[in-house]
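**Q** Just a sequence and a predicted model for now, questions to come.
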Number of protein chains: 2
Amino acid sequence: MATASIRRRTVIQRVESQGLMQHGGAHPDCNAPPVRYHAPMNAGAKNERVRLSAEDWEDGALALIAEQGVGALAVEALARRLGVTKGSFYWHFRTREALLQAALERWEEYGEREVLGKMELISDPRQRLPELFRRVAHELQPHRVYAALLKALDHPQVVPVMARVSQRRMDFLNAMYREAGLEPVTALHRARLTYAAYVGFLQLNFTLGLPRLSHDEFDAYVEHVIATLTPEKTGN
Amino acid sequence: MATASIRRRTVIQRVESQGLMQHGGAHPDCNAPPVRYHAPMNAGAKNERVRLSAEDWEDGALALIAEQGVGALAVEALARRLGVTKGSFYWHFRTREALLQAALERWEEYGEREVLGKMELISDPRQRLPELFRRVAHELQPHRVYAALLKALDHPQVVPVMARVSQRRMDFLNAMYREAGLEPVTALHRARLTYAAYVGFLQLNFTLGLPRLSHDEFDAYVEHVIATLTPEKTGN
DNA sequence: TGGCAACCATACGCCTGAGTATGTAACTCC
DNA sequence: GGAGTTACATACTCAGGCGTATGGTTGCCA
């Protein structure tokens, strides 16, 4: 639902008005975070206003979640971050939970298009899995929201979303393992194991800041994972 | 630190006073959850009081966390659960965070004694890993707190605790893989992978309620994990 | 160019949960 | 058997965060 009707918006100038962390495009779907230059004092010629849309709020919410977790998603904080006040927010959303819901669905929809879409284009089934592992391993950015959501599984609203996403991805892995020659039950177990390893890795290395693998160590680790989780030649 | 000086306490009667979930000994260290029968109305002969200790509060906190997550740890809620009021709490702890801290440290200390202690007694190094996997897989109860903490990694207080615990356990796995004949770097990677798979599994199956493996499926999965993550004979 | 709708500001109400103040009951020990 | 310590009750303050009310501003369109 909600076919992403991108509303136009007249941005003339963007200014980081408060001393918040530069968020540097935490979410790839978050194009040009709209921060507006508040007018009251200093009424220069260029102080144009930014009128926000619901999608802007959702993107802002995702960026905030990626940085500070779901718990930090408060409407006044987000409003400040976007350069407006609460009054604006409650025009777009009936409640805070409505925003969270919309943001999560937006993220979920984006994830399907992006993550699974790219993987269809690898021809050789045997080469798909290693390639998948390598690609996933090296795009850090999309994982930030995922990791943030993973460590916010307290919140009842994120659980169903994560459950759906995880299930779809495991189904995908399962299919690829069967294509690679594993027997049905083996493929299913291997898909579970693989995805569990992925999720666990995010937990251990993003949110806990364990020893902080260097770049080379990380590559070596990925190759090790490929070697042990990917079927070689024989369809065991 | 804090050598667990067990204070005496005169429990005469325990009554579940409010309609909360029966917590059924969520934490093994939580012996006899003290719920007191409040006196005001109905002053029968048996209405004895329970005087709580700091350890009681910590155990209660852990039980509450295991059931409803770290976010649900509020002093008034916990006080109600224990059959007393806030006034009691602030005698034992200066603040809510102090309680959380104490509870986490208590859990950490318990985990070291229990989980790692039991594993020292398997003689054959080759048999240790499969046995470890099977044992860990089949004691569900101690994992509840762990899973709850895992999905509460939002909270800054739990991060260092989990980091320490995870590091220790991975070191332990690393040692066992080396004993089993793996080369140093391989053992390290394998330990990472194994522990990541463990953590990920908890996430996917406890907090998300994915398809809910049956008992047989679960056993089969565990054997699959052993087959793919455990070195066979040759020290590859 | 007036008017409606989208968007935002300001000010307020209200509830939740942490922490404080102070008085009280029970246990201990001499 | 009274004094001190331990443990708890009651009543309060205070801050944060959600949501509401209401009015102001901007943009679009007839």
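**A** Here it is on my side, so go on. Please read all numbers here as calculations on a predicted model, not as lab measurements. Residues are numbered from 1 along each chain as shown, chains lettered A, B, ... in the order given.
**Q** helices and strands around the biggest helix by length in chain A, which ones?
**A** For chain A, the helix reaching the highest residue count under DSSP state H is reported as helix A:158-179. Helix A:158-179 sits against helix A:96-111, helix A:125-138, helix A:141-150, helix A:184-202, with contacts defined as 3 or more C-beta pairs under 8 Å, 6 or more residues apart in numbering or on different chains; DSSP states H and E. The way it works is simple: take the backbone N, C-alpha and C, and place the C-beta from them, glycine included.
**Q** Same list, these, but as JSON lines with mean neighbour count please.
**A** As requested, the helices and strands packed on helix A:158-179 are exported to JSON lines (neighbours: other C-beta atoms under 10 Å in any protein chain shown):
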{"stretch": "helix A:96-111", "mean neighbour count": "18"}
{"stretch": "helix A:125-138", "mean neighbour count": "16"}
{"stretch": "helix A:141-150", "mean neighbour count": "21"}
{"stretch": "helix A:184-202", "mean neighbour count": "22"}
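**Q** Put together TSV for these, with distance to A:A54 on each row.
**A** As requested, the helices and strands packed on helix A:158-179 are exported to TSV (distance: least, C-beta to C-beta, whole Å):
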stretch	distance to A:A54
helix A:96-111	7
helix A:125-138	30
helix A:141-150	18
helix A:184-202	29
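**Q** Out of the ones you listed, flag the one nearest chain B.
**A** Chain B lies closest to helix A:184-202 among these, at 3.3 Å (C-beta to the nearest C-beta).
**Q** what are the phi and psi values for A:Q157?
**A** Backbone torsions of A:Q157, given as degrees, to the nearest 10, read phi -70, psi -30.
**Q** Then A:G69?
**A** Here is the backbone geometry of A:G69 (degrees, to the nearest 10): phi 90, psi 160.
**Q** In which helix or strand does the residue in chain A that DNA strand C sits nearest to reside?
**A** Per C-beta to the nearest atom of the strand, A:G87 is where chain A lies closest to DNA strand C, at 1.9 Å. Assigned by DSSP states H and E, A:G87 belongs to helix A:86-92.
**Q** Could you do A:I226 as well?
**A** A:I226 belongs to helix A:215-229 when assigned by DSSP H and E.
**Q** so that helix versus helix B:184-202, what angle?
**A** 70 degrees (axes from the mean of the first three to the mean of the last three C-alpha atoms, to 10 degrees).
**Q** count of neighbours near A:R113?
**A** 11 (other C-beta atoms under 10 Å in any protein chain shown).
**Q** And it, how close does it get to A:E131?
**A** Shown here: A:R113 relative to A:E131, a distance of 19 Å by C-beta to C-beta, to the nearest Å.
**Q** got it, and A:G181?
**A** 16 Å.
**Q** Give me the below-cutoff pLDDT ranges for chain A.
**A** For chain A, applying pLDDT under 70 flags the ranges A:1-49, A:116, A:119-121, A:123, A:141, A:211, A:233-236.
**Q** ok, and what's touching stretch A:198-211?
**A** Outside stretch A:198-211, the residues within contact range by C-beta atoms under 8 Å, 6 or more residues apart in numbering or on different chains are A:136, A:143-144, A:146-147, A:150-151, A:166, A:212-213, B:150, B:153, B:159, B:162-163, B:166-167, B:170, B:192, B:195-201, B:203-204.
**Q** Without its sequence neighbours, what residue ends up closest to the residue nearest the centre of chain A?
**A** When C-alpha atoms, centre = their mean is applied to chain A, the residue found nearest the centroid is A:V145 (3.6 Å). Nearest non-adjacent residue to A:V145, counting by C-beta to C-beta, 6 or more residues apart in numbering or on different chains: A:A66, 4.7 Å away.
**Q** sec struct for the one you found, please.
**A** Per DSSP: H, G, I helix; E, B strand; the rest coil, the secondary structure class of A:A66 is helix.
**Q** and the gap between it and A:E114?
**A** If you go by C-beta to C-beta, the gap between A:A66 and A:E114 works out to 15 Å.
**Q** returning to what we had before: quick one: residues contacting the residue of chain A closest to DNA strand C.
**A** No residues are in contact with A:G87 under the rule C-beta under 8 Å, 6+ apart.
**Q** what about it, distance to B:V115?
**A** Taking C-beta to C-beta, one finds A:G87 at 53 Å from B:V115.
**Q** Helix, strand, or coil at A:L182?
**A** Per three-state DSSP, A:L182 ends up coil.
**Q** then the helix or strand that contains A:A63 to PDB, C-alphas only?
**A** If you go by DSSP H and E, A:A63 is part of helix A:54-68. Taking C-alpha atoms only, helix A:54-68 is exported to PDB below (Å, rounded to 0.1, in the frame of the first residue of the first chain):
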ATOM      1  CA  ALA A  54       4.700  12.800   5.800                       C
ATOM      2  CA  GLU A  55       7.500  11.000   4.000                       C
ATOM      3  CA  ASP A  56      10.000  13.500   5.300                       C
ATOM      4  CA  TRP A  57       8.900  12.700   8.800                       C
ATOM      5  CA  GLU A  58       9.300   9.000   8.200                       C
ATOM      6  CA  ASP A  59      12.700   9.400   6.700                       C
ATOM      7  CA  GLY A  60      13.700  11.600   9.600                       C
ATOM      8  CA  ALA A  61      12.400   9.000  12.000                       C
ATOM      9  CA  LEU A  62      14.500   6.300  10.300                       C
ATOM     10  CA  ALA A  63      17.600   8.400  10.500                       C
ATOM     11  CA  LEU A  64      17.000   9.100  14.100                       C
ATOM     12  CA  ILE A  65      16.400   5.500  14.800                       C
ATOM     13  CA  ALA A  66      19.600   4.500  13.000                       C
ATOM     14  CA  GLU A  67      21.600   6.900  15.100                       C
ATOM     15  CA  GLN A  68      20.000   6.700  18.600                       C
END
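**Q** Quick check: what element follows it along the chain?
**A** Once the chain leaves helix A:54-68, the next helix or strand it forms, by DSSP H and E, is helix A:75-82.
**Q** Just the buried positions in that following helix, please.
**A** A:V75, A:L78, A:A79, A:R80, A:R81, A:L82 (16 or more other C-beta atoms under 10 Å in any protein chain shown).
**Q** Which residues are in contact with A:E139?
**A** Residues counted as contacts of A:E139 (C-beta under 8 Å, 6+ apart): none.
**Q** That one and A:Y146, how far apart?
**A** The gap separating A:E139 from A:Y146 is 11 Å, by C-beta to C-beta.
**Q** Equivalent analysis for A:D56, please.
**A** 22 Å.
**Q** what domains does the record give for chain A?
**A** Domain ranges of chain A: A:1-106, A:122-229, per automatic domain parsing.
**Q** Please produce JSON lines containing these, extended by distance to B:P231.
**A** Output for these, formatted as JSON lines (distance: least, C-beta to C-beta, whole Å):
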{"stretch": "domain A:1-106", "distance to B:P231": "39"}
{"stretch": "domain A:122-229", "distance to B:P231": "10"}
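**Q** ok, and which of the ones you listed has the densest surroundings?
**A** domain A:122-229 (a mean of 18; mean count of other C-beta atoms under 10 Å in any protein chain shown).
**Q** chain center to that one: distance?
**A** Between the centre of domain A:122-229 and the centre of its chain there are 14 Å (C-alpha atoms, centre = their mean, to the nearest Å).
**Q** Next: stretch A:101-108.
**A** Stretch A:101-108 sits 10 Å away from the centroid of its parent chain (C-alpha atoms, centre = their mean).
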